[in-house]
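> need a 3D model of the sequence below.
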Amino acid sequence: MVPDNGKGLIDIPSNHSVDETVTKLEGILQAKGITLFALVDHSGEAAKAGMKMRPTKLLIFGNPRAGTPVMLAAPNSAIDLPLKILVWEDDQGKVWVTYNSPTYLQTRHNLPADLLQNIAVIETLAAKAAE
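So this is what the prediction gives:
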């Protein structure tokens, strides 16, 4: 795992391709009853526009029971919720799983400590998808 780079992002190397990592993460979300709100295929959309881009996909997901209390405590946190995981391939062909650090989001939105657990699940989800 690459620690928070000062921009609030955590990068974890994946042992799978972008598509395999995304499929694995989708299965994990479904098994945990977490709603996948959207899957944005950035590279697929680039191809439709006649442009080349390494495989890059963004999953937007969450659980209103966890996210709503966060947004009630800090309404501006809705800019960062639902949670997101980016799965992408670098120019060396290495696949990465990237997400916003929960502690970064806590600081950014001045969230109470007891609500950190509501967004910290992203760490486990990302790690499981990458293994």
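> OK, contacts around residue 17?
Contacts for residue 17 (CB atoms under 8 Å, 6 or more residues apart in numbering) come out as 55, 89, 95. (Each C-beta comes from the backbone N, C-alpha and C, glycine too.)
> kindly report the same for residue 34.
61-63, 125.
> filter these down to just the ones in strands.
61-62 (DSSP state E).
> now distance to residue 41 and neighbour count too, for the contacts of residue 34, in TSV please.
Output for the contacts of residue 34, formatted as TSV (distance: CB to CB, whole Å; neighbours: other CB atoms under 10 Å):
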residue	distance to residue 41	neighbour count
61	15	22
62	19	22
63	23	16
125	19	20
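> residue 119: which of the contacts of residue 34 is nearest?
Residue 119 lies nearest to residue 62 out of the contacts of residue 34, by CB to CB, at 9.1 Å.
> check contacts around that closest one.
Residue 62 makes contacts with 34-35, 37, 81-83, as judged by CB under 8 Å, 6+ apart.
> just the helices in this structure please.
With DSSP state H as the criterion, the chain has helices at 18-31, 42-48, 64-73, 102-109, 116-130.
> using CSV, list the CA coordinates for the shortest one.
Okay, so that is helix 42-48. C-alpha atoms of helix 42-48 as CSV (Å, rounded to 0.1, in the frame of the first residue of the first chain):
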residue,chain,number,x,y,z
HIS,A,42,-13.4,6.3,-18.2
SER,A,43,-11.2,4.4,-20.8
GLY,A,44,-14.3,3.0,-22.5
GLU,A,45,-15.7,6.5,-22.9
ALA,A,46,-12.4,7.8,-24.1
ALA,A,47,-12.4,5.0,-26.8
LYS,A,48,-15.8,6.1,-27.9
